[in-house]
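**Student:** With the input below, show me the fold.
(chains A, B and C)
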Amino acid sequence: MFSQATKTVLIVERLIQEEVLDLIEQGGAKGYTLVPGAGQGEHGRRRASRAAVVKDFSIVRIEFIMADKNKAKAIAEKVADTYFEQYPGIVYISDVEVIRADKF
Amino acid sequence: MFSQATKTVLIVERLIQEEVLDLIEQGGAKGYTLVPGAGQGEHGRRRASRAAVVKDFSIVRIEFIMADKNKAKAIAEKVADTYFEQYPGIVYISDVEVIRADKF
Amino acid sequence: MFSQATKTVLIVERLIQEEVLDLIEQGGAKGYTLVPGAGQGEHGRRRASRAAVVKDFSIVRIEFIMADKNKAKAIAEKVADTYFEQYPGIVYISDVEVIRADKF
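**Tutor:** Numbering: from 1, shown residues only, chains lettered A, B, ... in the order given. As a prediction, this is how the structure comes out:
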């Protein structure tokens, strides 16, 4: 009942959230999940103090599952190429097993 | 000090959160972590506009770790069989390494 | 363009968030991402009722990526040794593929 799939996680500034979601949709992902967060370093813009960092929830963690690993990698690379020179951000992929792979 | 374990992630409507947590507990998981989020597609109910989607935090991302992969798969399948015809939702599992496997 | 790296996830009481972030920084991680959450069992302090648990967001889920798996393991073990006798908490690591491994 379980099939191999690829999970992609993107951690980006809330500022570019809409543009990143556009790239995810254009790349063929059928959905995504987004949670608000905070971060430091490449995981989020560096602030004057950590207290400020962890309270302002200026970043979002976006994840999505795709059956096709190459399509997932293409989205990850497109986001990195487009935004990660100018903005802090992270993207990583990993293998997961999903139920009902046809949904992805 | 690290042992193999299985992480299960469930992304479901907040509407069915309590029922899903019941299934997780009944399936033998010793705990769970829940974060509020938003989503689109099978990652969450589709809305009229993306702005509405990403602001209403109508979904929850639930994760739990179990030492026994078969028990984790059984919970995942039970949730999918019970709810994912009627509600959008995702469940996936992946391999992780944990400290103090006896806790799980 | 993708390189192997290690993702570490720490789920801890908000109460010890600052101390845990200190250990992450001291251990050589170049950043982290933090999201607020709730939990039960070792995933978070047990409360009188589940309703209370899932509303109070008393825990944080912290993740960070490192190119060096041994450094990641050392941080995970340091946090577990320092806090997980006294406080509930979870730490696990997993393999991921990242773009621009030099950032980590």
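**Student:** Only C-alpha atoms from now on, for both contacts and neighbour counts.
**Tutor:** OK.
**Student:** Would you agree A:Glu63 is in contact with A:Thr8?
**Tutor:** Yes: between A:Glu63 and A:Thr8 there is a contact under CA atoms under 8 Å: 5.5 Å.
**Student:** Settle it for me: which of these two has more neighbours?
**Tutor:** A:Thr8 (25 against 21; other CA atoms under 10 Å in any protein chain shown).
**Student:** what bridges to the residue nearest to that one when sequence neighbours are not counted?
**Tutor:** In space, and not counting its chain neighbours, A:Thr8 is closest to A:Ile93: 4.4 Å by CA to CA, 6 or more residues apart in numbering or on different chains. On the basis of DSSP bridges, A:Ile93 is bridged to A:Thr8, C:Glu97.
**Student:** Is there a neighbour count for A:Ile93? I'd like the number.
**Tutor:** 24.
**Student:** average pLDDT across stretch A:75-88?
**Tutor:** Averaging pLDDT along stretch A:75-88 gives 94.
**Student:** now swap in stretch A:60-68 and tell me
**Tutor:** For stretch A:60-68, the per-residue pLDDT averages 96.
**Student:** ok, and does the helix or strand harbouring A:Lys71 reach over to chain C?
**Tutor:** Using DSSP states H and E, A:Lys71 sits within helix A:69-83. Yes: counting by CA under 8 Å from any CA of the partner chain, chain C has neighbours in helix A:69-83: A:77, A:80.
**Student:** Give me the contacts around that helix.
**Tutor:** With CA atoms under 8 Å, 6 or more residues apart in numbering or on different chains as the test, helix A:69-83 has contacts from A:5-8, A:10, A:20, A:23-24, A:27-29, A:66, A:89-93, C:99.
**Student:** Was I right to think A:Arg14 contacts A:Ile62?
**Tutor:** No: A:Arg14 is beyond contact range of A:Ile62, at 10.4 Å (criterion: CA under 8 Å).
**Student:** Can you give the contact residues for the helix or strand harbouring A:Leu10?
**Tutor:** Using DSSP H and E, A:Leu10 sits in strand A:2-13. Contact with strand A:2-13 is made by A:43-45, A:58-69, A:72, A:76, A:87-101, C:33, as judged by CA under 8 Å, 6+ apart.
**Student:** Can you tell me which of those are buried?
**Tutor:** Buried residues within those, defined by neighbour count using 16 or more other CA atoms under 10 Å in any protein chain shown: A:43-45, A:58-67, A:69, A:72, A:76, A:87-99, C:33.
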